[in-house]
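[1] sequence plus the predicted model coming up.
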Amino acid sequence: QKEVEQNSGPLSVPEGAIASLNCTYSDRGSQSFFWYRQYSGKSPELIMFIYSNGDKEDGRFTAQLNKASQYVSLLIRDSQPSDSATYLCAVTYDFGNEKLTFGTGTRLTIIP
Amino acid sequence: GAGVSQSPSNKVTEKGKDVELRCDPISGHTALYWYRQSLGQGLEFLIYFQGNSAPDKSGLPSDRFSAERTGGSVSTLTIQRTQQEDSAVYLCASSLGGLYGQETQYFGPGTRLLVL
């Protein structure tokens, strides 16, 4: 059973601080890693994806991947109230098959 | 702009009835996916279509679930003899369908299914 694990939260972070979201996965053969944001009652939207070890930055968001530790994280700098949402970690396992295996998500609340 | 569309947006049905859920992917996207999200749960993969290849049905929970994709575009997910545990949000996504597992999947608004 290929699994993706996330702390369900809620994670509360003061406005302007750094929010750190973590995700672990069970299969060493995992290919690509995605972070989706989902507002309550809405569908998921992609924040970032990463497939190489190291950091990838996009604006206030940084994804970090450590394949040896089977760990991927998302950092949100200068957190804003609009960042309050559930963040879903997702993984693809098979080269050429893009189906996503999702974690259950971490609920993030930014406190003004 | 035309994103992924799904219909109906909400569906209430009685236990034992059949339901059909429709998905219109983004034009030009060759890959189409169905997921479902139960209350408080993460997204669960159901089925994946890529071009003319045989679909990956590995996520369908039982033989009451089936899906087809006509003409490489519109897809219909059918649930026969619905059960209360089928109540969930059914999400469709599409992507350009590259071979490297790095394509962005764009999600539709979902169909909220309630089985009474």
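    Looks like it came in fine.
[2] CA atoms for contacts and neighbours, from now on please.
    Noted.
[3] stretch A:34-51 and chain B, are they touching?
    Yes. Stretch A:34-51 is in contact with chain B by CA under 8 Å from any CA of the partner chain, via A:Lys42, A:Ser43, A:Pro44, A:Glu45, A:Leu46, A:Phe49, A:Tyr51.
[4] host element of B:Leu39?
    Counting by DSSP states H and E, no helix or strand carries B:Leu39.
[5] burial of residue 75, as a residue count?
    Went with chain A since none was named. A:Leu75: 17 surrounding residues under other CA atoms under 10 Å in any protein chain shown.
[6] my question was about chain B, not that one.
    With other CA under 10 Å as criterion, B:Ser75 counts 22.
[7] report the contact partners of it.
    Counting by CA atoms under 8 Å, 6 or more residues apart in numbering or on different chains, B:Ser75 touches B:Arg22, B:Cys23, B:Asp24, B:Ala67, B:Glu68, B:Arg69.
[8] contacting residues around the residue of chain B found nearest chain A?
    Using CA to the nearest CA, the closest approach of chain B to chain A is made by B:Gly42 at 3.9 Å. Contacts were defined as CA under 8 Å, 6+ apart; by that measure B:Gly42 touches A:Leu88, A:Phe102, A:Gly103, A:Thr104, A:Gly105.
[9] next step: the residues you listed restricted to strands.
    Taking DSSP state E, the ones among the contacts of B:Gly42 that sit in strands are A:Leu88, A:Phe102.
[10] buried only: go through the contacts of B:Gly42 for me.
    The neighbour count (16 or more other CA atoms under 10 Å in any protein chain shown) marks A:Leu88, A:Phe102, A:Gly103, A:Thr104, A:Gly105 as buried among the contacts of B:Gly42.
[11] and the second one, what's its pLDDT?
    It refers to A:Phe102. What the model reports as pLDDT for A:Phe102 is 94.
[12] ok, A:Asp58 to A:Glu45 distance?
    Separation of A:Asp58 from A:Glu45 (CA to CA, to the nearest Å) stands at 15 Å.
[13] so who does the residue in chain A positioned nearest to chain B touch?
    Nearest residue of chain A to chain B: A:Thr104, at 3.9 Å (CA to the nearest CA). A:Thr104 is in contact with A:Glu5, A:Gln6, A:Ser8, A:Leu88, A:Cys89, B:Gly40, B:Gln41, B:Gly42, B:Leu43, counting by CA under 8 Å, 6+ apart.
[14] try it again with 10 Å
    Neighbour list for A:Thr104: A:4-8, A:86-90, B:37, B:40-44 [criterion: CA atoms under 10 Å, 6 or more residues apart in numbering or on different chains].
[15] now the buried members of those residues.
    A:4-6, A:8, A:86-90, B:37, B:42-44.
[16] nearest to B:Ala88 among those residues?
    Nearest to B:Ala88 among the buried ones among the contacts of A:Thr104 is B:Gln37, at 5.6 Å by CA to CA.
[17] out of everything not next to it in sequence, what's closest to the closest one?
    Nearest residue to B:Gln37, sequence neighbours excluded (CA to CA, 6 or more residues apart in numbering or on different chains): B:Leu43, at 4.7 Å.
[18] before we move on, what about A:Leu21?
    A:Leu74 (5.1 Å).
[19] again, but for B:Ser9
    Closest to B:Ser9 by CA to CA, 6+ apart is B:Thr111, at 4.5 Å.
[20] quick one: pLDDT of that neighbour?
    Confidence score, pLDDT, at B:Thr111: 98.
[21] equivalent analysis for B:Tyr100, please.
    On pLDDT, B:Tyr100 comes in at 61.
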